[in-house]
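A.B. asks: below is the sequence, then the predicted model.
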There are 2 protein chains.
Amino acid sequence: MAERDGQAMRLGLVGIGKIARDQHIPAITADPRFTLVATASRNAELEGVPGHTDIAGLIAGGHDLDAVSLCTPPAGRHAIACAAIDAGLHVMLEKPPAATLSEIEDLAGRARDRGVTLFATWHSREAAGVEPARAWLAGRRIDRVRITWKEDIRRWHPGQEWILAAGGFGVFDPGINALSILTRIMPRPVMLEAARMSMPRGRQSPIAASLTMRSGDTPVEAEFDFLQTGPQSWDIEIETDQGTLLLAMGGSIITLPGGAPIEAPDAEYPRLYARFAELVASGQSDVDVAPLRLIADAALVAERAEAEAFAF
Amino acid sequence: MAERDGQAMRLGLVGIGKIARDQHIPAITADPRFTLVATASRNAELEGVPGHTDIAGLIAGGHDLDAVSLCTPPAGRHAIACAAIDAGLHVMLEKPPAATLSEIEDLAGRARDRGVTLFATWHSREAAGVEPARAWLAGRRIDRVRITWKEDIRRWHPGQEWILAAGGFGVFDPGINALSILTRIMPRPVMLEAARMSMPRGRQSPIAASLTMRSGDTPVEAEFDFLQTGPQSWDIEIETDQGTLLLAMGGSIITLPGGAPIEAPDAEYPRLYARFAELVASGQSDVDVAPLRLIADAALVAERAEAEAFAF
């Protein structure tokens, strides 16, 4: 680290839920560039690591922090990130980086003013097939893109009522992962042209949606469904003048035209932390709002249709 | 003009509707820095000015154009602006600059790449009271902001069914003017925190809305209503530690604490064209998406409630 002359960065982790335990903690523990020195979580603690109940306690805790990583839900994240930035800490954000675009814009400005690194992560962009796909597509003629992102809300989000509430993103909670890959691999910016959303009676966020997008002259269609039982799909199919490229299983398996599927071990979160370390070392930020902007655009222009009531 | 060594800029006007006739044409005609050399409009022409039916005809028309000004509805504007930028023309856009944020982002990138000026205008920012308000507020403690933007859709938008359709913005079509002023006069960025929208049965855009926003520590509330009969309101009330500033009539009348209302003649569009000339001369663009971003954020997190059906 630039700041510590080769010593590990002293990191605080905020929000100890499933994603923190499954992904963040193993990635941090395995990376010699980081030392996890304390946590903040309303209800949970990690054995052997000093714990606080909120960001204020973490900052005031005398841990000589360099940075924090936020794994709390997007809705309260802006206030937590503000406190960390104001304290001069580098900040890494789970996806989506905040509840709204204007909140992210505000955070980016604050990080700039304070001279700290802000890293808005999109973990699916680190899936094994994404960089090979991007490299293969560069310079090729892309005729059509089709995203099929269909999963069972009851299986992956059991009882998470908030996900269908206002600001919960609904089917875009997983769907934004597809859009984060799309906006990374396409050579041209992606624009939202039209959207249809299926709104369960009495809920505020969509349970299914289809987006019509365009990237340069390439039409991009996306189908998102939260009621998919049986086989689950997290696929992106890209037709080019040299055949069809398929990204399957959320970007982790890539199949090039005429080739066999290539799978590599999952290293999404280790890569995110490696990138965070690089950004801090080089004094840069990485805040790409493109995936969330597409969803906000969809919300802005959508045709909404009522669907039958949903219960978990 | 930098490009013409003191000669007027040769301007094409696209979209000849009410706003073009009421505002753009008088402003262009009065400004010696511009010469209106041709128009494009599906159905209308201006006497004495060569007319085309679309942007392709305008560009190919041999008018030696420097720039175009677009007054068409936001929904088709991206394609028209692309054609103009690709032809190396400077582009001025009526508000809102496009149908979605991703379209504007794409246009800004294209203008950068092509080395032309893109000016996304917000005419209400040029209302007489706006700059005095901004200057007076700078450095003062602002305790609270209240926007009241209530007008009669039947009076101002008779029969305009599209305004309540998907992508029509609904009550935000006028409301975005308030947000363009707000984001100009507040010293800190404005964030959207929560939104409520009233959706007439069978319509896709809101007929009334309330937004809860924040700018730094200052709470900002906005009430938008399209069903206001009797007195119409386009007011912004700003409480500070030194009294309340009132911007009324869409920003054209300013009242400082203890003072009398100050009104100046309307010069919104002349100022926009003056600014466009300056931007072109200095090789700059001005593309501020903040007002539209607040509305997209509102669409993203809104609590929507069904309201009774509306007919013009």
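C.D. replies: Great, that's in hand.

A.B. asks: what is the distance between the helix or strand where A:Ala178 lies and the centre of its chain?
C.D. replies: Applying DSSP states H and E as the criterion places A:Ala178 in helix A:172-185. In terms of C-alpha atoms, centre = their mean, to the nearest Å, the centre of helix A:172-185 is found 8 Å from the chain centre.

A.B. asks: likewise stretch A:190-200?
C.D. replies: With C-alpha atoms, centre = their mean, you get 19 Å for stretch A:190-200.

A.B. asks: what lies in contact with that stretch?
C.D. replies: By C-beta atoms under 8 Å, 6 or more residues apart in numbering or on different chains, the residues outside stretch A:190-200 that reach it are A:164, A:170, A:179, A:182-183, A:205-215, A:220, A:290, A:294, A:297-299, A:301-310, B:78, B:100, B:102-103, B:106, B:166-167. Backbone N, C-alpha and C define where each C-beta goes, glycine included.

A.B. asks: at 6 Å what do you get?
C.D. replies: Stretch A:190-200 has contacts (C-beta atoms under 6 Å, 6 or more residues apart in numbering or on different chains) with A:182-183, A:206-215, A:294, A:297-298, A:301-307, A:309-310, B:100, B:102-103, B:106.

A.B. asks: next structured bit after the longest strand seen in chain A?
C.D. replies: Counting by DSSP state E, the longest strand found in chain A is strand A:190-200. For strand A:190-200, the following helix or strand on the C-terminal side (DSSP H and E) is strand A:208-215.

A.B. asks: weed out the non-buried ones from the contacts of stretch A:190-200.
C.D. replies: A:182-183, A:206-215, A:294, A:297-298, A:301-302, A:304, A:307, A:310, B:100, B:102-103, B:106 (16 or more other C-beta atoms under 10 Å in any protein chain shown).

A.B. asks: from the contact counts, what lies against the lowest-mean-pLDDT helix or strand in chain A?
C.D. replies: Using mean pLDDT, DSSP states H and E, helix A:18-19 stands out as the lowest-scoring helix or strand of chain A, at a mean of 90. Here helix A:18-19 touches no other helix or strand, going by 3 or more C-beta pairs under 6 Å, 6 or more residues apart in numbering or on different chains; DSSP states H and E.

A.B. asks: pull up the residues of the stretch 1-150 of chain A that are close to chain B.
C.D. replies: Within the stretch 1-150 of chain A, the positions near chain B by C-beta under 6 Å from any C-beta of the partner chain are A:Thr100, A:Leu101, A:Ser102, A:Glu103, A:Asp106.

A.B. asks: could you redo the last one with a cut-off of 7 Å?
C.D. replies: By the rule C-beta under 7 Å from any C-beta of the partner chain, the part of the stretch 1-150 of chain A lying against chain B is A:Ala99, A:Thr100, A:Leu101, A:Ser102, A:Glu103, A:Glu105, A:Asp106, A:Gly109.

A.B. asks: can I assume the last one sits in a helix?
C.D. replies: Yes: judged by DSSP: H, G, I helix; E, B strand; the rest coil, A:Gly109 forms part of a helix.

A.B. asks: I'd say it and B:Arg188 touch.
C.D. replies: No: with contact defined as C-beta atoms under 7 Å, A:Gly109 does not count as touching B:Arg188 (9.0 Å).

A.B. asks: so which of the residues of the stretch 1-150 of chain A next to chain B belong to helices?
C.D. replies: Using DSSP state H, the members of those that fall in helices are A:Leu101, A:Ser102, A:Glu103, A:Glu105, A:Asp106, A:Gly109.

A.B. asks: dihedrals phi and psi, A:Val301?
C.D. replies: In terms of degrees, to the nearest 10, the main-chain angles of A:Val301 are phi -110, psi 0.
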